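[1] Sequence first, then the predicted structure:
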Amino acid sequence: MLNMMIGFFKDLWKYREKVKKQDKWMQKYIAKNNYALNPSWMMSTNLKIWLSEMEATFSKRFCPCFEPSSDAELNKKMMCPCEYVEDEIKEYGTCHCALFGRADLDKAGWKSSSKRLMSEYQVPLNLKDGVLDTRGKPLDHRRNLPIPDAMHQLKATLNSYTGDSLKMIVSTEQEVQNLQKIASFRGFGCESTNHSDYHEVTLQLK
């Protein structure tokens, strides 16, 4: 938890100007659509940081909950605010990320949606002896993408991982390409090997 808090404030300082820009368009968006932002400062700020990092890594403002897919049309739909906002607000009271929600959503409703989101991503990692197998996660029923995906499993691993290198097992070539972009952005070395039914990506972290 301490490492996560330190990382949060480091990222907030790093992206402070971009976070302000994210907030400006969000305020206009919620006013136009009669929505509200997550009232938790920590939660909403964290999502603004993740949006800023997605934009810096992939050159587009992808939804922070999902890494880019191999489907160009789906990727267009996942630009924040994504095309699933209205349906998800009807289902959960908030969008999937728990960033935008109904204007009349009470504190308990926001808390419930945030808890739902955390339960999807805070799952045990299949990490053993420096190998992180990201496969086999459940799929989101709207996007047909895994939760958590390889990108989020990597983020969770880096919160406490102390090794010099990390090998990741992924299912698709798109996940390899995403990890290569993440590695380039973070300054990690990156090598990949393709197998018949999976891919190996080795990240040099130090």
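    Everything's here; your move. A quick note: this is a predicted structure, and the numbers were derived from the prediction, not measured.
[2] Surely residue 174 touches residue 69?
    Yes. At 6.2 Å, residue 174 and residue 69 qualify as touching, with contact defined as Cβ atoms under 8 Å. Using the backbone N, CA and C atoms, a C-beta is placed for each residue, glycine as well.
[3] can you give me the helices in this structure?
    For the chain, applying DSSP state H gives helices covering 2-14, 16-33, 41-58, 72-77, 85-92, 107-121, 150-158, 173-186.
[4] hey, least reliable of the ones you listed by pLDDT?
    Lowest mean pLDDT within the helices of the chain: helix 2-14, at a mean of 81.
[5] Residue 174 and residue 69: who's more crowded?
    Of the pair residue 174 and residue 69, residue 69 is the one with more neighbours under other Cβ atoms under 10 Å, namely 20 against 16.
[6] show me what contacts that one?
    In this structure, residue 69 makes contact with 75, 78, 143, 145, 174, judged by Cβ atoms under 8 Å, 6 or more residues apart in numbering.
[7] Look up how far residue 132 lies from residue 24.
    Distance, residue 24 to residue 132, by Cβ to Cβ, to the nearest Å: 37 Å.
[8] So between the two, which is more surrounded?
    It is residue 132, of residue 24 and residue 132, that has more neighbours when counted by other Cβ under 10 Å, with 21 against 9.
[9] Using PDB, write down the CA coordinates of stretch 134-145.
    The C-alpha coordinates for stretch 134-145 follow below in PDB (Å, rounded to 0.1, in the frame of the first residue of the first chain):
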ATOM      1  CA  THR A 134      -1.500 -13.200 -18.000                       C
ATOM      2  CA  ARG A 135      -3.800 -15.600 -19.800                       C
ATOM      3  CA  GLY A 136      -7.200 -17.000 -18.800                       C
ATOM      4  CA  LYS A 137      -8.900 -13.900 -17.400                       C
ATOM      5  CA  PRO A 138     -12.600 -13.300 -17.800                       C
ATOM      6  CA  LEU A 139     -13.800 -11.100 -20.700                       C
ATOM      7  CA  ASP A 140     -15.800  -7.900 -20.400                       C
ATOM      8  CA  HIS A 141     -19.200  -8.600 -21.900                       C
ATOM      9  CA  ARG A 142     -19.200  -5.400 -24.000                       C
ATOM     10  CA  ARG A 143     -15.700  -5.200 -25.300                       C
ATOM     11  CA  ASN A 144     -14.700  -8.900 -25.200                       C
ATOM     12  CA  LEU A 145     -11.400  -7.900 -23.700                       C
END
